[in-house]
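K.L.:
Output the structure for:
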Amino acid sequence: MKLTTDIFGAIRTAVLSILLCCVVYTLVIWTIAQVFVPNSANGSLVKNAAGQYVGSRQVAQEFTRDNYFHSRPSAADYNGAGAVGSNLTPTSPKITERAQELIKKYGATAENPIPADMVTASGSGLDPHITLAAAKFQAPRVAKARGMSEAELMKVVESKVEYPGGIMRNEPIVNVLMLNLALDEMK
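P.N.:
The predicted structure is shown next:
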């Protein structure tokens with residue numbers, strides 16, 4: 001009889017623990033997120049002017065056309081399911097080769113150096129932001145492709161600048177997806 005009581009007690013404890021940890025805890029956290037930060041809890045999804053979902057505010061996308069600002073390089077090939085860093089060391093020849101290819105692609109020179117974030121992937125491989133310096137570096141290409149002045153383009157860029165870190169005032173950044181959508185809405 002004691003063995004049966006012990007087995008049922010262990011099963012009851014396991015079932016209650018599973019219910020508490022897997023169901024109750026999950027529902028409580030989900031409810032709190034839906035009440036206090038519903039946009040973030042649902043993936044920070046972004047719609048275009050036509051009301052179609054075009055991406056997430058928190059995940060980088062690959063933009064390759066000249067009339068768009070380009071994101072940072074991605075170690076995960078812009079695949080949100082495989083969001084990882086490259087695990088390459090800073091001295092890896094692969095990193096150097098990729099950086100040299102990007103420097104050549106963007107036409108950087110000693111007089112017009114490329115910002116570091118345009119040739120290096122972020123830790124997650126999917127950082128949706130570029131620095132303001134990287135946006136300024138790309139501005140001539142985007143302005144030319146869109147047939148607008150750099151001054152007009154920079155007004156849009158400046159309207160999308162974010163300052164992470166609160167009072168610490170880190171380097172200003174720009175969300176590439178939000179910037180490109182703002183440019184598309186100007187048409």
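
K.L.:
Now do the domain split for this structure, please.
P.N.:
2-39, 43-185 (automatic domain parsing).

K.L.:
quick one, which of those is packed in tightest?
P.N.:
Highest mean neighbour count of the domains of the chain: domain 43-185, a mean of 15 (counted as mean count of other CB atoms under 10 Å). Backbone N, C-alpha and C define where each C-beta goes, glycine included.

K.L.:
where do the strands sit along the protein?
P.N.:
With DSSP state E as the criterion, the chain has strands at 45-47, 53-56, 129-131, 161-162, 173-175.

K.L.:
Just send these back as a markdown table, with mean pLDDT and distance to A99 too.
P.N.:
Shown next, in a markdown table, are these (pLDDT from 0 to 100; distance: least, CB to CB, whole Å):
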| stretch | mean pLDDT | distance to A99 |
| --- | --- | --- |
| strand 45-47 | 90 | 30 |
| strand 53-56 | 91 | 26 |
| strand 129-131 | 94 | 16 |
| strand 161-162 | 94 | 26 |
| strand 173-175 | 95 | 20 |
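
K.L.:
got JSON lines for those, with distance to T26 too?
P.N.:
Below are the strands of the chain laid out as JSON lines (distance: least, CB to CB, whole Å):
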{"stretch": "strand 45-47", "distance to T26": "21"}
{"stretch": "strand 53-56", "distance to T26": "22"}
{"stretch": "strand 129-131", "distance to T26": "30"}
{"stretch": "strand 161-162", "distance to T26": "31"}
{"stretch": "strand 173-175", "distance to T26": "30"}
